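# no letters, just coordinates:
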């Protein structure tokens, strides 16, 4: 055998033969798979050439922003979203026993906040320990001192992941969101700070690069913000903050839609998860590796905090999005507060009421308080009543000045005799009718706080007769009674039920707690 | 064959490759060696039977869950290739395998007996099957969390023989479940006293989907067993007064354990994958995994870093549950693989090296060889079931009802298993 090999002529002949034999496979076209991919995966392109060289499989990425792979999937062999959670929720809700596609996580990146240096410094100064939370971001947004950009949760998986993360942090239950946790819109204050959006996070970031003055912060994947910083398109890089109260982690799964391509799929995922590829991937895309002990740059070595649980019910996510509405909407809600200023409120009860208003104006340091506070653009009407209406004041919050004005209106009020609960509520609905005529689309709700039984003015029956005569829009305004002191819980609950609201009990917690509980309910 | 540039563990690609690369760029020395290699190959081809292993290779398509770890192992792949078998893995949860179509498959390898029984029930013919090994269901966690649980009085460290930090803790499931039911958060049970990190999340176990995975279904069995006063739901004697009032004891227990699972929201696949990743502690403080995955990780870690991974530790639930994967053949090709799994000593030896407890002779023979292997590789030997309380799994029908109640699972696939 070796003797034969020493003969150059024979070796050459064998070589030619070998070339001939292997020729049938060598020059064939690469095997091409069509992939529906999240737009931010455009940074994978260079790696895909190597994939083709190494495995003979070519991925043709079709970039589309979709939150849950909705829309036609025909013609796609694979899907590669940032996360498949919303897709799985949709699949589960369809009731079809369809087989779940095989899915393999390829890399990870948490949803984080990128802040301009000045904004980061400013926010940190206001927080003990300087470790920022989503609640701090919401607080600053409500106050009007933070404007941020986030992709549209209706159209982009990144935007949706961000929304769920913020909402989970706002609920503060330490568990996945349930339907009852999103019974009210707790993100109104947060949303009031949103000035930029996009169909995808790529679009969002492009807009921000063109108009960096339009926002102080971006909410997106860590990888996208690090990429943006590294590209040098900003005058100063954004400072990346991993909020202390948790994050949603995307794992960029590759999904096999066309089961006939199973073998090629295996080749691709095995390749993508190879140690050397993962190392390359980290370097090029700033996403975190799924493998162990893959070297990474310093920016990816820090602790990312705790992952938040993702809800497992589609209606929870749907309701979140309904509440969130169209980003960039500039009208805030309108709340009419009907406050009992009868003499029984004198003393500690009045102190509690003032404290509650102070808390809602930004004094409450708790996470729930930061999400529930009054926010810029919100319209607030305060009506003081006893046996009759004692005074009324309406402000649209533009800044601290407006909140101070409201506070002094509540603080400086005189008390009156008697308690005309139903007359006050009828007055509230007159306010509501006027407001709705002026701003038909603006969400409106009534908060009725009283500490005694109605002993003057309209009877409940008379109130319901008047309520029934209102125009439909005004009639459907919900009332949220706050039961305090010796108020008639039964009567208040009846009023809540009749108007589609809900009663809360301030005796079992505090006025401040009760107000927080119904903030955002409508 | 020594000229083959590929490592010996990798299978030859000639038979299975999809269309190959267009113009590969080889390094110079490879180009230089190529004529020699090709010439050698052709010479062997001309001279006789060298290529026979290549043309005889059978691809066995198999749906499997976590036990794909075994068939993914390069050494296992090499051993199987020696017998002309290549396994193509279709990854799916065990119960998912049992409830969906098996068309096009040669074998299935569910990770536990409930799914295996479902599959066997649906086969028209009697099937060849192998149960090569067992492994306990465990909870993977991190040192700070384990210490927190010890301080909370629900976990106890297993003493390592030479002293020092243990890798293993025994977990009192009843106490642990109480923490979950009492809506405790990690910070609420003093996590910050044992860690530099902070966690306001609820105490909970991350599992894969109960509708699809064996691990989650088995975990449900443990929860249901404990909730039902340490007996399998559905086996109560009629005249026990405590249970008589409830109309349906199985659904009653199911309703009690449901909140313990649903707390986590959406379940996530591949628990071990995320647990062992560098982001593992951020993803989940406690993950439901199998013992073999942990032991394999520790052996690898010891080999790579010269020490055990002391950050990742195991909680052994008490009562405990052993899982028994079953390789079920669906046709002749599958039969070849199952037979091999039962008879080939090398394949079984490799299973031990991958952390499995292999049955050699009788029930008691499962652990000795594994323990010896761990000692040899300087990994602490665990005591998986110190107090010998074993979960009696509910019968299949009862377990299915519990799973469906807790997971609100979709009906089985419409084209059904073949």
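Looks like it came in fine. Source: prediction; values computed, not measured.
# okay, now the one residue in chain B that gets nearest to chain A: neighbour count?
Nearest to chain A, among the residues of chain B, is residue B:265, at 2.3 Å (CB to the nearest CB). From N, CA and C alone the C-beta is placed, and that goes for glycine too. By other CB atoms under 10 Å in any protein chain shown, the residues close to residue B:265 number 22.
# for it, list the residues it contacts.
Residue B:265 makes contacts with A:175, A:176, A:177, A:309, A:310, A:311, A:312, as judged by CB atoms under 8 Å, 6 or more residues apart in numbering or on different chains.
# for the third one, helix, strand, or coil?
The three-state assignment at residue A:177 reads coil, by DSSP: H, G, I helix; E, B strand; the rest coil.
# what distance do you get for it to chain B?
Counting by CB to the nearest CB, to the nearest Å, the gap from residue A:177 to chain B is 7 Å.
# and residue B:310, how many neighbours does it have?
The number of residues near residue B:310, taken as other CB under 10 Å, comes to 14.
# please name the nearest non-neighbouring residue to it.
Of all residues not flanking residue B:310 in the chain, residue B:165 sits nearest, at 5.5 Å (CB to CB, 6 or more residues apart in numbering or on different chains).
# who does the longest strand seen in chain B pair up with?
When chain B is parsed with DSSP state E, its longest strand is strand B:133-142. Partners of strand B:133-142 in the sheet, by DSSP bridges, are strand B:287-290 (antiparallel), strand B:312-318 (antiparallel), strand B:322-323 (antiparallel), strand B:357-358 (antiparallel).
# domains in chain B, as residue ranges please.
Listed by automatic domain parsing, the domain ranges of chain B are B:1-53, B:54-130+B:324-347, B:136-322+B:388-407.
# mean pLDDT and distance to residue A:474 added to the ones you listed, as a markdown table?
Listed next are the domains of chain B as a markdown table, based on pLDDT from 0 to 100; distance: least, CB to CB, whole Å:
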| stretch | mean pLDDT | distance to residue A:474 |
| --- | --- | --- |
| domain B:1-53 | 52 | 67 |
| domain B:54-130+B:324-347 | 92 | 53 |
| domain B:136-322+B:388-407 | 91 | 39 |
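# how close does residue A:516 get to chain B?
Going from residue A:516 to chain B by CB to the nearest CB gives 18 Å.
# how far away is that residue from residue A:482?
Look at residue A:516 and residue A:482: by CB to CB, to the nearest Å, they are 11 Å apart.
# more neighbours: those two, which one.
residue A:482 (27 against 23).
# beta-bridge partners for that one, please?
For residue A:482, the beta-bridge assignment (DSSP bridges) gives partners residue A:449, residue A:504.
# quick one: contacts for it?
By CB under 8 Å, 6+ apart, the residues touching residue A:482 are A:447, A:448, A:449, A:450, A:503, A:504, A:506, A:511, A:514, A:515, A:518.
# re earlier: is the residue nearest to residue B:310 in a helix, a strand, or coil?
coil.
# same check on residue B:101?
coil.
# report how many residues lie close to it.
Number of residues near residue B:101 (other CB under 10 Å) recorded here: 17.
# state the distance from it to residue B:89.
Residue B:101 is 17 Å from residue B:89, by CB to CB.
# give me the most central residue, chain B.
The centre of chain B sits closest to residue B:66, judged by CA atoms, centre = their mean, with a distance of 4.1 Å.
# that one touches residue B:215, doesn't it?
Yes. Between residue B:66 and residue B:215 there is a contact under CB atoms under 8 Å: 7.0 Å.
# joint contacts of those two?
B:111, B:290.
# which residue ranges of the stretch 1-150 of chain B form strands?
According to DSSP state E, counting those that start in this stretch, the stretch 1-150 of chain B carries its strands in the segments B:58-64, B:85-91, B:107-109, B:129-130, B:133-142.
# turn the strands paired with strand B:133-142 into TSV, including mean neighbour count.
TSV is the format used below for the strands paired with strand B:133-142 (neighbours: other CB atoms under 10 Å in any protein chain shown):
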stretch	mean neighbour count
strand B:287-290	26
strand B:312-318	24
strand B:322-323	22
strand B:357-358	22
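# I'd like those strands as TSV, with distance to residue A:387 appended.
Converted to TSV, these look like this (distance: least, CB to CB, whole Å):
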stretch	distance to residue A:387
strand B:287-290	63
strand B:312-318	65
strand B:322-323	73
strand B:357-358	81
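# near chain A, which residues of the stretch 151-300 of chain B?
Residues of the stretch 151-300 of chain B lying close to chain A by CB under 8 Å from any CB of the partner chain are B:185, B:197-202, B:204, B:212, B:262-267, B:269-270, B:273-274, B:276-279, B:282-285.
# excluding chain neighbours, what is closest to whichever residue of the stretch 351-500 of chain A sits closest to chain B?
Distances between the stretch 351-500 of chain A and chain B by CB to the nearest CB are smallest at residue A:367, namely 9.0 Å. Leaving out its chain neighbours, the residue that sits closest to residue A:367 by CB to CB, 6+ apart is residue A:135, at 3.8 Å.
# near chain B, which residues of the stretch 101-250 of chain A are found?
So the stretch 101-250 of chain A meets chain B at A:102-105, A:108, A:172-177, A:244-247, A:249 (CB under 8 Å from any CB).
# try it again at 10 Å.
Contact residues (CB under 10 Å from any CB of the partner chain) of the stretch 101-250 of chain A with chain B: A:101-105, A:108-110, A:131, A:133, A:164, A:168-169, A:172-178, A:242, A:244-247, A:249.
# quick one: low-confidence parts of the stretch 251-400 of chain A?
Scanning the stretch 251-400 of chain A for pLDDT under 70 picks out A:327-331.
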